[in-house]
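Enquirer: attaching a predicted model along with its sequence, questions to come.
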Amino acid sequence: MPTVEVTFTPLPAHVRTARLVATAVARRSGVPETLLDEVRLAVGEACSRAVEAHRQHCPSEPVRIALTGQDDRFEIEVINASTAPGQARGAMAGEGTGAPAGFSLAVIAGLADDVRISETPAGTSVKMSWPVSGSLTAGGSTRHS
Amino acid sequence: MDLKLDHYSKDGIEIVDVEGEIDVYTAPRLRELLIELVNVGNYQIVVNMEKVEFLDSTGLGVLVGGLKRVRAHDGSLDLVCTQERILKIFRITGLTKVFGIHDTVDEAITNRKSEK
């Protein structure tokens, strides 16, 4: 069960709120201060992608974020309820903003210690995790499924 | 914090001061300003990001869009940024090779003048 779950209407103005909440919960869960900027940026990127996809395909559906603090990892899952083809690979990223497609996922992959992107019945899921204090490990991975 | 934008001309180059957070919500305002500046004939632009607290890929897209517009007129768009947390995003995306990134506005202007 997530430590904190947030749902918000897919409006760009709410992405900042999501970033602030995720950063606060990450800090509370023991993510080192030096990694909090990365958490803030990565969750912002994932939420921006989700908001854009929702606005194009399902504007009445909320974006959902699950924040889970466990023993050695802090995990964030952003679920984008829109299931338009190609979203998992970032085809939607940057549309309408002038950002090259895939920029958003490139930033997420560069920031999060561990990234998993998958298509689920509920939509596209972007899961990212970071170590919490006392469990810092070298290296990370990015998985697409 | 919201986004604050200001701009002024110095030595024939338009300086855009940006303060606050550039994200999916605020980036359109920066994009509109850059488009407006180019539309009135400012093709040499320096974006001062020293007071930017947050920048995401939407903001990067706006800067890339601005660069594309000025280059269509043989112009330039340089950045002023010394904050490691902002520079990191440019490094991750490889954009350090695309933008001229300087420590101060004066350095950006001097560099631009010397390349003319």
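Expert: Thanks, I have it.

Enquirer: spatially central residue in chain B, please.
Expert: residue B:47 (3.0 Å; Cα atoms, centre = their mean).

Enquirer: near the residue in chain B positioned nearest to chain A, how many other residues are there?
Expert: Of all residues in chain B, the one sitting closest to chain A is residue B:61 (2.5 Å; Cβ to the nearest Cβ). Heads up, the C-betas are built off the backbone N, CA and C, glycines and all. Residues within reach of residue B:61, counting by other Cβ atoms under 10 Å in any protein chain shown, total 23.

Enquirer: then residue A:38?
Expert: Neighbour tally, residue A:38, other Cβ under 10 Å: 21.

Enquirer: surely it is in contact with residue A:130?
Expert: Yes. Proximity of residue A:38 to residue A:130 meets the contact threshold set by Cβ atoms under 8 Å, at 7.2 Å.

Enquirer: anything in contact with each of the two?
Expert: Common contacts of residue A:38 and residue A:130 (Cβ atoms under 8 Å, 6 or more residues apart in numbering or on different chains): residue A:112.

Enquirer: near chain B, anything from whichever helix in chain A runs longest?
Expert: Secondary structure of chain A per DSSP state H: the longest helix is helix A:33-57. Yes. Using Cβ under 8 Å from any Cβ of the partner chain, helix A:33-57 reaches chain B at A:37, A:40-41, A:44-45, A:48, A:51-52.

Enquirer: with adjacent residues omitted, what lies nearest to residue 73?
Expert: If you meant another chain, say so; for now it's chain A. In space, and not counting its chain neighbours, residue A:73 is closest to residue A:129: 4.6 Å by Cβ to Cβ, 6 or more residues apart in numbering or on different chains.

Enquirer: wait, I meant chain B there
Expert: Per Cβ to Cβ, 6+ apart, closest to residue B:73 is residue B:43, 4.3 Å.

Enquirer: so what does that neighbour look like in phi/psi?
Expert: Per-residue torsions, residue B:43: phi -110, psi -10 (degrees, to the nearest 10).

Enquirer: tell me who's in contact with it.
Expert: Counting by Cβ under 8 Å, 6+ apart, residue B:43 touches B:70, B:73-76.

Enquirer: can you tell me which of those are classed as buried?
Expert: B:70, B:75-76 (16 or more other Cβ atoms under 10 Å in any protein chain shown).

Enquirer: export those residues to TSV and append columns for distance to chain A and secondary structure.
Expert: Formatted as TSV, the buried ones among the contacts of residue B:43 follow (distance: Cβ to the nearest Cβ, whole Å; DSSP: H, G, I helix; E, B strand; the rest coil):
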residue	distance to chain A	secondary structure
B:70	14	helix
B:75	17	coil
B:76	18	strand
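
Enquirer: wait, isn't residue A:82 in contact with residue A:53?
Expert: Yes. The criterion here is Cβ under 8 Å, and residue A:82 meets it with residue A:53 at 4.2 Å.

Enquirer: so those two - more neighbours on which side?
Expert: Using other Cβ under 10 Å, the more surrounded residue of residue A:82 and residue A:53 is residue A:53, with 25 against 21.

Enquirer: quick one: mean pLDDT for the longest helix of chain A?
Expert: Across helix A:33-57, the average pLDDT comes to 93.

Enquirer: please name every helix or strand in contact with the next helix or strand after that helix.
Expert: Next along the chain after helix A:33-57, taking DSSP states H and E as the criterion, comes strand A:63-69. Judged by 3 or more Cβ pairs under 8 Å, 6 or more residues apart in numbering or on different chains; DSSP states H and E, the packing partners of strand A:63-69 are strand A:4-8, helix A:13-29, helix A:33-57, strand A:73-80.
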